[in-house]
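# Take this sequence and fold it.
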Amino acid sequence: MKKTLIAGLLLAALASFAVQAQDTTASTASNNGGWTGSGEFGFASATGNTRSQNINAKLGLSQENDQWKNNFFLDALRAKSQLKVVDAAGNTVNDYNTTANRYDGGASVGYKFDQRSYIVGAARYDHDEFGANLWQGVISLGYGYIALKDERNELSFEIGPGYKEYRPANVDVVVGDVLVPQQQSTQNEVVARGLVNYKLKITDNTSFEDTFLMEAGSKNTYLQNDAGLAVTMTKKLALKVGFQVRHNSNVVVGLKKTDTLATTNLVYSF
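Residues are numbered from 1 along each chain as shown. You can find the predicted model right below:
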C-alpha cells in the first residue's frame, strides 16, 4: 500500500505537469502558469543543563489558473533531547535520544468545471515513529468549491470518499521482565475526507492561513489543523509562526490522542 500511494503521488504530479506544459509555455514569465512555491526551515538548539536539537522543514508547491487547482507538499520533523535514564546497574545517566522523527507528503490535483467548482483527487502519506500510527496513507476523490475569493480573502472546501491504510504504533509487551515492542497489524477502511482552507491578507506584508483536514472512518477519525501567520521581510523572505494540532480518535493504550507542534520558521518564496 505504501509503495502504491507514493507511486500515485508521483504519477499525479507528473501527469499534472505534463498536461499543463503547453499552457505554462504559452503564458508569460510573470505569471508562470499560476505556479507558486515556498520552502520553510526552522532549527532550535539548547545546551547547558539540558541539551536538545529540533529541526523542521517544509516544501510546498501550488497552482491555480482557469483550469487547474493543484497542491503538493513535503514536511519533515526531527528532534533529539537529553534524557535521564536508569542503566542496567541502576545508575541514573544522561542519554541523548531521538524524541521526534516524522515525515509526510501529499498531493491534490483539481480540475475546474468553472471559476468556483472543481473535481479533486488527493493522496497523503505520513510516517511517524512517535505518533499514534507508525504510518498512514490515504487516497481520495472528491468535489471542491471556492466559496470566497477576493483581494484579501480566499475560502475553499473539499469533500469526498477515500480509502485509508495505517499501522498503529507498536505496543510494549513484558517478556521475561523486559519490555519488547510488539508490531500491530495493518488496518484499512473507507473514509470521508474533508478539507477547509482559509487565507487572509491582513496587511501588505502580513498574511494568515488555516487548513483543516478530516479523514473520518468507522475505526479511526483523523483530524489535523495547521494555522500560520507570516510577516514578509523582503519579496522572497518571510518569518512565519505556526501551530499544528493532530488528533486520532482511536489510539493504542499508553498514547495520547492529540499531538501539537509550534514552529517559528524562515520562509523562502519562489
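# The helix or strand where Asp172 lies pairs with which strands?
Asp172 is part of strand 171-175 when elements are defined by DSSP states H and E. Here strand 171-175 has these sheet partners by DSSP bridges: strand 178-182 (antiparallel).
# Send me the partner strand as CSV with only the CA atoms.
Included here for strand 178-182 are C-alpha records, laid out as CSV according to Å, rounded to 0.1, in the frame of the first residue of the first chain:
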residue,chain,number,x,y,z
VAL,A,178,11.9,-7.0,29.6
LEU,A,179,9.7,-4.6,27.5
VAL,A,180,9.6,-5.8,23.9
PRO,A,181,7.8,-3.7,21.2
GLN,A,182,5.1,-5.7,19.5
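# Name the surrounding residues that touch it.
If you take C-beta atoms under 8 Å, 6 or more residues apart in numbering as the criterion, strand 178-182 is touched by Asn170, Val171, Asp172, Val173, Val174. Just so you know, the C-beta spots here come from the backbone N, C-alpha and C atoms, and that holds for glycine as well.
# 7 Å instead, please
Outside of strand 178-182, the residues that reach it under the criterion C-beta atoms under 7 Å, 6 or more residues apart in numbering are Asn170, Val171, Asp172, Val173.
# same deal with stretch 156-171?
1, 120, 131-147, 181-184, 186-197, 215, 217, 252, 255.
# do stretch 136-145 as well
Contacts of stretch 136-145 with the rest of the structure, by C-beta under 7 Å, 6+ apart, involve 1-2, 5, 8, 69, 110, 116-126, 156-166, 191, 193, 215.
# Give me the buried stretch members for stretch 189-207, please.
Applying a neighbour-count criterion of 16 or more other C-beta atoms under 10 Å, the buried positions in stretch 189-207 are Val191, Arg193, Gly194, Leu195, Val196, Asn197, Tyr198, Lys199, Ser207.
# Please identify the pairing partners of the helix or strand hosting the second one and their relative orientation?
Read it as Arg193. Mapping Arg193 onto the secondary structure by DSSP H and E places it in strand 187-201. Next to strand 187-201 in the sheet, as set by DSSP bridges, lie strand 153-168 (antiparallel), strand 206-216 (antiparallel).
# which residues in this structure form strands?
With strands called from DSSP state E, the chain shows them at 35-46, 52-64, 68-86, 92-112, 117-128, 133-149, 153-168, 171-175, 178-182, 187-201, 206-216, 221-232, 237-248, 258-269.
# Now do the buried residues in the first one.
In other words, strand 35-46. Residues of strand 35-46 classed as buried under the neighbour-count rule (16+ other C-beta under 10 Å) are Trp35, Ser38, Gly39, Glu40, Gly42.
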